[in-house]
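K.L.:
predicted model and sequence follow; I will ask about them next.
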Amino acid sequence: MSESADARPLPGPDGLPFVGSFLEFRRDPFAFYDDLREYGGVVGYRMMGYDMCSVLDPDAIEDVLLNEADAFQKPALLGESLDDYMAEGVLLTEGEQWRAQRTMLQPMFYRERVEGYGDLMADYAVEAAAEWASDGEVDVQSATSDLTLRILARTLFDVDLDERAAVVREFADAVSEIGRAGSLESQLPGWVPLPSRRRHRRAFENFDDALRNLVDERRASGGSGDDTPDDLLTLLLDADYPDGSTPSETEIRDQLMTFLFAGHETTALALTWAFVLLERRPETYDRLRQEVDDVLDDDRAAVADLPDLTYTDWVAREVLRLRPPAGALFREPREDVELAGYHVPEGTMVVLPQFAVQTDPRFFEAPEEFRPERWAGDLEDDLPDYAYFPFGGGPRHCIGMRFAALELRLALATIVRNVDVSVRNPDVDPDLGTPFAPAEDVRADVTER
Ligand code: HEM
């Protein structure tokens, strides 16, 4: 990416020496981002010795994610232990290695294949709804997380979670704990012997063993007969790259870990926020119930119902606007670059804050309100590209987007058809981090309808 001689320095708050704007950010991160808007669409500041650059202008976001995507890379963010186990997975690889992996994995996400998982998604949602009603009260985030984990375990490696529950759950819990905003583990260097770090490493090692066993079992069972599951593991075992190589054992492990990591908590968070936001707006919740009762013939939603589940679709879009599960995306320029006329030095942490852009009053009326109806009409066509980007964009957009969109709609419609989920603390705020999770447990009473 070439840089013109007159690229200007980034505008932004000065902040204090070293800590920079960290204290303002810590005090109220949302107000901090509101204030940043005053400096323009691309804003520079410092935090604890790091150069940061927030991109709030959709055109500049498009430059980072699409037009100039090759000039940026993903920074190391996930914390060492996670990076160790996913380094060869498609979320973290770069360049030619990433491109070959993405092409190899793509067939898993073709429309027909994803839609083929629709019945399974709805079946698991019916089961979950019944369990929640029999419990009477649930922690919504962990209940939805259990549901999306079951669906993924089945579609990725044809495993019934009940059989191997402990090892998969411990892995998933370790991943979410590390990813949680402000977790010590993601902030302290790898040699600090935190007890949580030992526990997480043990969970990863156990899961690593379990996955290697699974791969061995699958290879031993012969591979490609009629009864071979149509899952990611089969795809990986049968894959070969254009240079004639095949995915190594480590890559297979890293890809499976990556998909569990990227694909389970995200969708669970979207479902959790859906119930929180629905509770805040009873007329919306009623309209959603009305729609699923009118459209569904039995107790579950099917792919064929989707064209008639218009309101469900708007609810899903609106949840992903107001509470985008990823929260923000991060990039780092490979060398000094020019972005929207500004000079962004190599090594700057470039933040694309979905939560801030998707609530920008220039693009959305009453942006903080949960109003699914806003998606009726032409909003989507009228919005600038990248004013709404819950699944990212450009070549590295979410590979699971179609899968997640389907799962979210089918699970939501099916659950709403079967039970009433009534959140007790609908005022819960998001915790500003990645993922964009509720700041406290979301508890709900669940009754059969
Ligand atoms: C509502 C649910 C989901 C949301 C909001 C979401 C969001 C995202 C976003 C924003 C990115 C881009 C990250 C970046 O550019 O830095 C991403 C990447 C990715 N997502 Fe998702 N995701 C969801 C569900 C899923 C599911 C269900 C899967 C898998 C089954 C998945 C697998 C991935 C993978 C593998 C990547 C990395 C792609 C690459 O770098 O080539 N995601 N996701």
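P.N.:
The structure has been received and is ready for your questions.
K.L.:
by mean pLDDT, point me to the weakest helix or strand of the chain.
P.N.:
Ranked by mean pLDDT, DSSP states H and E, the weakest helix or strand in the chain is helix 184-187, scoring a mean of 52.
K.L.:
check the average confidence over the next helix or strand after that one, would you?
P.N.:
Once helix 184-187 ends, the next helix or strand along the chain (criterion: DSSP states H and E) is helix 195-220. In this model, helix 195-220 has a mean pLDDT of 81.
K.L.:
remind me which residues of this protein are low pLDDT?
P.N.:
1-5, 77-82, 163-165, 178-195, 222-226, 433-434 (pLDDT under 70).
K.L.:
residue of the stretch 201-350 of the chain nearest the ligand, please.
P.N.:
Gly263 (3.0 Å; Cβ to the nearest ligand atom). In this view, the C-beta of every residue, glycine as well, is placed from N, C-alpha and C.
K.L.:
I figured that residue was touching Arg402, is that so?
P.N.:
No. In this structure, Gly263 is not within contact of Arg402 by Cβ atoms under 8 Å, at 11.9 Å.
K.L.:
neighbour count winner among these two?
P.N.:
Neighbour totals were compared for Gly263 and Arg402, and Gly263 leads with 23 against 16 (other Cβ atoms under 10 Å).
K.L.:
residues contacting the more buried one?
P.N.:
148, 152, 156, 400, 403-404 (Cβ atoms under 8 Å, 6 or more residues apart in numbering).
K.L.:
so for the chain, the centremost residue is which one?
P.N.:
Thr266 (3.7 Å; Cα atoms, centre = their mean).
K.L.:
for the residue lying closest to Leu277 once chain neighbours are set aside, give me its contacts.
P.N.:
Here the nearest residue to Leu277 in space, its sequence neighbours aside, is Phe370; by Cβ to Cβ, 6 or more residues apart in numbering that works out to 4.3 Å. By Cβ under 8 Å, 6+ apart, the contact set of Phe370 is 277, 280-281, 284, 318-319, 322.
K.L.:
which of those count as buried?
P.N.:
277, 284, 318-319, 322 (16 or more other Cβ atoms under 10 Å).
K.L.:
of these, closest to Glu251?
P.N.:
Proximity of the buried ones among the contacts of Phe370 to Glu251 (Cβ to Cβ) peaks at Val319, which lies at 33.8 Å.
K.L.:
which residues sit against stretch 273-292?
P.N.:
By Cβ under 8 Å, 6+ apart, stretch 273-292 touches 140, 301, 309-312, 315-316, 318-319, 322-323, 325, 370, 372, 408, 412-413, 416-417, 421-423, 426-428, 438, 442, 444, 449.
K.L.:
and the ligand, which of the residues you listed reach it?
P.N.:
325, 408 (Cβ under 6 Å from any ligand atom).
K.L.:
residues near the residue lying closest to Pro29 once chain neighbours are set aside, how many?
P.N.:
Of all residues not flanking Pro29 in the chain, Leu432 sits nearest, at 4.0 Å (Cβ to Cβ, 6+ apart). Burial of Leu432, expressed as a neighbour count using other Cβ under 10 Å, amounts to 22.
K.L.:
and Leu432, which of the three is it?
P.N.:
coil (DSSP: H, G, I helix; E, B strand; the rest coil).
K.L.:
report the contact partners of it.
P.N.:
Leu432 makes contacts with 29-30, 181, 327, 355, as judged by Cβ under 8 Å, 6+ apart.
K.L.:
ok, so of those residues, who is nearest Arg219?
P.N.:
Ranked by distance to Arg219 (Cβ to Cβ), these are led by Gly327 at 38.6 Å.
K.L.:
what residue in the stretch 51-200 of the chain comes nearest to the ligand?
P.N.:
Leu91 (4.2 Å).
K.L.:
isn't there a strand covering Val350?
P.N.:
Yes. Under three-state DSSP, Val350 falls within a strand.
K.L.:
tell me how many other residues crowd it.
P.N.:
Applying other Cβ under 10 Å, we find 24 residues neighbouring Val350.
K.L.:
returning to what we had before: roughly how far apart are the residue nearest to Pro29 and Asp208?
P.N.:
In this view, Leu432 and Asp208 are 32 Å apart by Cβ to Cβ, to the nearest Å.
K.L.:
rewinding a little: show me the contacts of stretch 273-292 that map onto helices.
P.N.:
140, 310-312, 315-316, 318-319, 322, 408, 412-413, 416-417 (DSSP state H).
K.L.:
now, among these, which is nearest to Asp243?
P.N.:
Comparing the ones in helices among the contacts of stretch 273-292 against Asp243 with Cβ to Cβ places Leu408 closest, at 37.1 Å.
K.L.:
in contact with the nearest residue to the closest one once chain neighbours are set aside: list those residues for me.
P.N.:
Sequence neighbours aside, Ala316 is the residue nearest to Leu408 in space, at 5.0 Å (criterion: Cβ to Cβ, 6+ apart). Counting by Cβ under 8 Å, 6+ apart, Ala316 touches 270, 274, 405, 408-409, 412.
K.L.:
can you give the domain ranges for this protein?
P.N.:
Domain segmentation of the chain under automatic domain parsing yields 1-78+327-357, 87-326+358-448.
K.L.:
and Tyr45, which of the three is it?
P.N.:
Secondary structure, three-state DSSP: Tyr45 is strand.
K.L.:
before we move on, the earlier item: so which bits of the strand or helix carrying the residue nearest to the centre of the chain are buried?
P.N.:
Per DSSP H and E, Thr266 falls inside helix 249-280. Using 16+ other Cβ under 10 Å as the test for burial, helix 249-280 gives 251-279.
K.L.:
neighbours around the residue of the chain found nearest the ligand, how many?
P.N.:
When scored by Cβ to the nearest ligand atom, the chain has Gly400 as its residue closest to the ligand, at 2.2 Å. For Gly400, the number of neighbouring residues by other Cβ under 10 Å comes to 20.
K.L.:
residue contacts, it?
P.N.:
Gly400 neighbours (Cβ under 8 Å, 6+ apart): 109, 259, 262-263.
K.L.:
repeat for Asp119
P.N.:
Ala302.
K.L.:
pretty sure it sits in a strand.
P.N.:
No. Judged by three-state DSSP, Asp119 forms no part of a strand; its state is helix.
K.L.:
up against the ligand, what does this structure have?
P.N.:
Counting by Cβ under 6 Å from any ligand atom, the chain sits next to the ligand at 74, 90-91, 102, 258-259, 262-263, 266-267, 270, 325-326, 329, 390-392, 396, 398-400, 403-404, 408.
K.L.:
which PyMOL command selects the buried ones in the contacts of stretch 273-292?
P.N.:
Restricted to buried positions by 16+ other Cβ under 10 Å, the PyMOL selection for the contacts of stretch 273-292 reads:
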select buried, resi 140+301+309+311+312+315+316+318+319+322+323+325+370+372+408+412+413+416+417+421+422+423+428+438+442+444
